[in-house]
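Asker: coords please:
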Amino acid sequence: MERPPAKPLVIAIPGELRGKGRPRFGNGRTFTDAKTTNAEAWVRSCAVEQVGQPMLDGPVQLRIEYEIAIPKSWPKKKASDARCGRQKPTVKPDVDNVAKLVGDALNGIVWRDDSQIYELHVSRRYADVPKATVTIYA
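Answerer: Numbers count the residues shown, from 1 in each chain. As a prediction, the model looks like this:
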């Protein structure tokens, strides 16, 4: 008998998500830049506040939907097209770097390691208010 699918975990992250920065090198060591460290801390704090620390052990599916702000300098027509999806965002941050930031930020909180992610869907669109929604299926 199959067990019913577990209820997904949903994490809402207000504000702009940034992509994972490249490692920096200096004084004979490697380190993560402060902006990336702060962004990972923000994602972690949102996760702990909303879903706790479930520490999933098996394979997980991850869906990241993030919305970026429509530039205020855009004319009304272009902003309207962006709002309804006719204007696609092809700007930074790259979707793969956002996925890397979220995956690394949730290590040790939602899952042991992001290697447990076997399926990943990332989408980006324009919106009036920037935010991200992370859905985890275990």
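
Asker: Can you list the buried residues in stretch 88-103?
Answerer: Neighbour counts over stretch 88-103 (16 or more other CB atoms under 10 Å) mark 89, 93, 95, 97, 98, 99, 100, 101, 102, 103 as buried. From N, CA and C alone the C-beta is placed, and that goes for glycine too.

Asker: At which residues are the helices of this structure located?
Answerer: Applying DSSP state H to the chain gives helices spanning 34-51, 76-83, 95-105.

Asker: Could you say which one of those comes nearest to residue 131?
Answerer: Closest to residue 131 of those, according to CB to CB: helix 34-51, at 10.3 Å.

Asker: Name the residues of stretch 68-80 that are buried.
Answerer: So for stretch 68-80, counting by 16+ other CB under 10 Å, buried means 68, 70, 79.

Asker: centroid residue for the chain?
Answerer: By CA atoms, centre = their mean, the chain has its centre lying nearest to residue 102, at 4.5 Å.

Asker: So it sits against residue 42, correct?
Answerer: No. Under the criterion of CB atoms under 8 Å, residue 102 makes no contact with residue 42, lying 10.8 Å away.

Asker: residues contacting the residue nearest to the centre of the chain?
Answerer: Residue 102 is in contact with 17, 43, 62, 64, 132, 134, counting by CB atoms under 8 Å, 6 or more residues apart in numbering.
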